[in-house]
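In: Have a look at this prediction, sequence included:
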Amino acid sequence: MSDLLWPGDSRAGELCTDAAVLAALVRVEAAWLAALHAHGLAGSADDLTGLAGPADLPALARAAEGGGNPVIPLLALLRERLAARDPAAAKSLHTGLTSQDVLDTGLVLVLREAADRLRDDLAAQIATLSALADRHRATPMAGRTLTQHAVPITFGLKAAGWLRGVLDARDTLDQAAALPVQIGGAAGSLAAPTALAGSARRARDLVAAAAAGLGLPAAEPWHTARAPLTRFADALVTATDAWGRIANDVLAGSRPEIGELAEAPAEGRGGSSAMPNKHNPVLAVLIRRAALAGPPLAASLHLAAANAVDERPDGSWHVEWATLRTLARRTVVAGSQTAELLAGLRVDAGRMAATLAAARPGIDAEQRKLGADGPYRGATDEIIDATLTRAGEKP
């Protein structure tokens, strides 16, 4: 998958692409068929390998319009092809499910893969920021509030602040990424699975078996209670919020008249089509872009959840799919870009010291007012140490 108008999209690879979603939908159908067979409710099981793939996507995408979702044409395709190799399995395929079960759970599977990628990049960011905070705990610089000089701080303190945002993102993602299976049948009552299994308890066992086959937690149907998805979207935006704050500081610090921070140079990056003298902080620009674009996407998911009606919403369910894909891919891209930005970040301690010296005596006004002696660093070391301890990176 590629997106010409979202530079860097290729960093997300195959995450949440049509091919990934198709594979996830097939996995859900196979897991349910295996659960039916294990409980004596299907004459045969089949993992559905090789029955549908990327070559089928154009036709499936066209046919999805007919029923409003891609599961319906996919089932027709799977049944036709499965009947040729396992008629018993073809007869039982999808029995007891509804399209929303398959699509919701398929989305959960691809979002879980996105979460795994994000955890890796968050871990890299935490390690880099921890090292920056510790290395520069005594590197003096001018603190700024409302764009103006405030009091002296250290760059280590600033890096520790960045780190706390990333730690908040990690913790929020860990809580939200435990996305459960969503199987409820036609109207969320498990009516068909209960009729098939002979009891509500056995129907719930079927759901648990399918969930286990997919490596997902079992849960009650959440077909019209969309908190699992809005919670996940909020976790993604918590991450882009943290990265946007870092990018903003880098963008400000890399202005030529400030010159305290700089992105690492890279071949083919940062140039201008008209001005060969420029070295634009492109990674920070693209990270900030993601931070600005993420909240409206999450808001769309909350709006959809608030507009859920009856036992399957008419439109608000449908708006979730592409919105989740876009938000997840863009967040993964920004996570990769932020990890790279931080790994190569150049800190000009000399420029920071010069800026601080030029800001005196005004920047020391509060210290003089309080009659405080010493370097006026407050609890900087304690704050940095507490943040490093939370990160698990205390030296």
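Out: Arrived safely, thanks for sending.

In: And the average pLDDT for stretch 138-154 is what?
Out: For stretch 138-154, mean pLDDT rounds to 97.

In: again with stretch 208-227
Out: 97.

In: Show me what counts as buried in it.
Out: Neighbour-count burial for stretch 208-227, counted by 16 or more other CB atoms under 10 Å, picks out 208-211, 213-214, 216, 219, 221-224, 226. Glycine gets a C-beta too; all of them are placed from N, C-alpha and C.

In: any chance of those in a markdown table, with distance to Ala372 too?
Out: Output for the buried residues of stretch 208-227, formatted as a markdown table (distance: CB to CB, whole Å):
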| residue | distance to Ala372 |
| --- | --- |
| Ala208 | 63 |
| Ala209 | 67 |
| Ala210 | 65 |
| Ala211 | 60 |
| Gly213 | 64 |
| Leu214 | 60 |
| Leu216 | 56 |
| Ala219 | 56 |
| Pro221 | 61 |
| Trp222 | 56 |
| His223 | 61 |
| Thr224 | 59 |
| Arg226 | 53 |
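
In: Helices - which of those land there?
Out: 208-211, 213-214 (DSSP state H).

In: Output the below-cut-off pLDDT ranges for the stretch 151-300 of the chain.
Out: 268, 270-278 (pLDDT under 70).

In: try 80
Out: 267-278 (pLDDT under 80).

In: for it, what spans make up the strands?
Out: Under the criterion DSSP state E, counting those that start in this stretch, the stretch 151-300 of the chain contains strands at 261-262.

In: List just the nearest of the buried residues of stretch 208-227 to Gly13.
Out: Leu214 (21.3 Å; CB to CB).

In: close enough to count as contact, that closest one and Arg27?
Out: Yes - using CB atoms under 8 Å, Leu214 is in contact with Arg27, at 6.5 Å.

In: list residues touching both of those two?
Out: Common contact partners of Leu214 and Arg27 (CB atoms under 8 Å, 6 or more residues apart in numbering): Leu109.

In: want to throw the ones in helices among the buried residues of stretch 208-227 into TSV with distance to Arg144?
Out: Converted to TSV, these look like this (distance: CB to CB, whole Å):
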residue	distance to Arg144
Ala208	55
Ala209	57
Ala210	54
Ala211	50
Gly213	54
Leu214	49
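
In: quick revisit: nearest to Arg112 among the buried residues of stretch 208-227?
Out: Of those, the one sitting nearest to Arg112 (CB to CB) turns out to be Leu216, at 7.7 Å.

In: how about that closest one, what does it touch?
Out: 105, 108-109, 112, 179-181.

In: out of the ones in helices among the buried residues of stretch 208-227, who's nearest Arg288?
Out: The closest of those, once distances to Arg288 are taken by CB to CB, is Leu214, at 36.4 Å.

In: quick one: the closest one from Leu190, how far?
Out: Using CB to CB, to the nearest Å, Leu214 is found at 17 Å from Leu190.

In: what do you get for Ala209?
Out: Distance from Ala209 to Leu190, by CB to CB: 13 Å.

In: go on, Leu36?
Out: Taken as CB to CB, the span from Leu36 to Leu190 is 14 Å.

In: Repeat that for His94.
Out: Counting by CB to CB, the separation of His94 from Leu190 is 15 Å.

In: Gly161 now?
Out: Distance from Gly161 to Leu190, by CB to CB: 48 Å.

In: between those two, who's got more neighbours?
Out: Leu190 (22 against 18; other CB atoms under 10 Å).
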